[in-house]
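> heads up, no residue letters with this:
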Ligand SMILES: Nc1ncnc2c1ncn2[C@@H]1O[C@H](COP(=O)(O)OP(=O)(O)OP(=O)(O)O)[C@@H](O)[C@H]1O
Ligand SMILES: [Mg+2]
């Protein structure tokens, strides 16, 4: 940001002496200085560059002592006109540019605010619905399992399968409501010593069936030493699971999945790389927005949850992706003193 825009675009500060709301004395001083410098520069340009050939031209057109008075008048008027017009045009242009920029930023900030409010409201409504639905779902599951026990062996096989389908559907619904509630709840960290190598191994083990089902070749590139940090184990495990699941889902026809860990002087790193569908820059921009999904059965909560967890640990998630080539999601966590 230039010095000028810093001065003009800053919000009025508390310690600043102000005439009116949004009108600061610093602004007036800067503008006066700007006008003086501009006027000086314009006069210099006039005197050094434009005046000699112009006066020469007037002398040619109004020659002799008889025209002296008229020459003087034309010269003076031209000089005043040129200097005042040039300074005015430059100052007004600068002002308009500043006002225009400020207005654009204001519109963008308003749009962001409206969007965030919409997403927050959507999140609250979803969490409320999930909360209301959770207890009846538990009841439904109990009734169904009770029913299954009662009619076990008394129904033909085809009908008994229907009860299993009901139970599966209830379990899926319960998982979805839990996911929404997990996202809506504040993450309370209970840090303890966690080895990211172990997390990576366990998650890939847990998802081995899905990995095999999609013919995905997995490589674990783990640091030789334990990548130890003071972390909240359940939320870090859930985050890693979400990210690896995303990588798997991006490679429905197979590909390469790499999970790597390393420790730098002040950072712990966990990276998940896939050779799947990849994302466009616009898709990357929206990746952390709740309920943003391209999947028919996705909720769009995996990435925002991951971001919430990692930020709460004081770390960050970096996403790099190219459409058709693949994606790398990197988690960077701070090395805490006691780790
Ligand atoms: N590794 C990846 N490769 C390609 N696209 C990805 C990848 N990770 C995330 N995405 C895109 O980002 C979107 C949001 O991901 P996110 O994990 O938040 O939600 P989701 O996977 O759609 O649903 P869920 O709530 O079940 O996780 C995905 O729908 C997908 O379009
Ligand atoms: Mg996901």
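Looks like it came in fine. In this text, all values refer to a predicted model and were calculated from it rather than measured experimentally. Ligands and ions are numbered 1, 2, ... in the order given.

> who in the stretch 51-200 of the chain is up against ligand 1?
By Cβ under 6 Å from any ligand atom, no residue of the stretch 51-200 of the chain approaches ligand 1. No exception for glycine: its C-beta is placed from N, CA and C like everyone else's.

> Please report the number of neighbouring residues for whichever residue of the stretch 51-200 of the chain sits closest to ligand 1.
Among all residues of the stretch 51-200 of the chain, residue 179 sits closest to ligand 1, at 6.3 Å; criterion: Cβ to the nearest ligand atom. Neighbour count of residue 179, defined by other Cβ atoms under 10 Å: 17.

> Likewise for residue 55?
15.

> Doesn't it lie inside a helix?
Yes. Residue 55 forms part of a helix when assessed by DSSP: H, G, I helix; E, B strand; the rest coil.

> check contacts around it.
residue 75 (Cβ atoms under 8 Å, 6 or more residues apart in numbering).

> quick one on the thing from earlier: check the gap between the residue of the stretch 51-200 of the chain closest to ligand 1 and residue 190 for me.
21 Å (Cβ to Cβ, to the nearest Å).

> now residue 141
In terms of Cβ to Cβ, residue 141 sits 29 Å off from residue 190.

> In terms of neighbours, single out the busier of the two.
Legend: neighbour count by other Cβ under 10 Å for residue 141 and residue 190, higher for residue 141 (16 against 9).

> what's the neighbour count on the closest residue to that one other than its chain neighbours?
Leaving aside its sequence neighbours, residue 141 sits nearest to residue 170 (Cβ to Cβ, 6 or more residues apart in numbering; 4.8 Å). Residues contacting residue 170 under the criterion other Cβ under 10 Å number 20.

> How about residue 144?
If we define neighbours as other Cβ under 10 Å, then residue 144 has 18 of them.

> which secondary structure element contains the residue nearest to residue 141?
Assigned by DSSP states H and E, residue 170 falls within helix 157-184.

> Buried residues in the next helix or strand after that helix, which are they?
Next along the chain after helix 157-184, taking DSSP H and E as the criterion, comes strand 192-195. Neighbour-count burial for strand 192-195 flags 194-195 (criterion: 16 or more other Cβ atoms under 10 Å).

> repeat for stretch 33-44
38-39, 42-43.

> neighbouring contacts of it?
Here stretch 33-44 makes contact (Cβ under 8 Å, 6+ apart) with 82-83, 86-87, 90-91, 94.

> Stretch 165-181 too?
126-127, 129-131, 133-134, 137-138, 140-141, 144-145, 148, 299, 301.

> check whether it contacts ligand 2.
No. Stretch 165-181 stays clear of ligand 2 (Cβ under 5 Å from the ion), getting no nearer than 9.6 Å.

> Tell me how far that stretch lies from the chain's centre.
Taking Cα atoms, centre = their mean, to the nearest Å, the mean C-alpha location of stretch 165-181 is offset from the chain mean by 30 Å.

> Tell me which stretches of the stretch 101-250 of the chain form helices.
Per DSSP state H, counting those that start in this stretch, the stretch 101-250 of the chain carries helices over the ranges 157-184, 196-206, 208-213, 233-249.

> Deepest in the core, which of these is it.
Comparing the helices of the stretch 101-250 of the chain by mean neighbour count (mean count of other Cβ atoms under 10 Å), helix 233-249 ranks first with a mean of 21.
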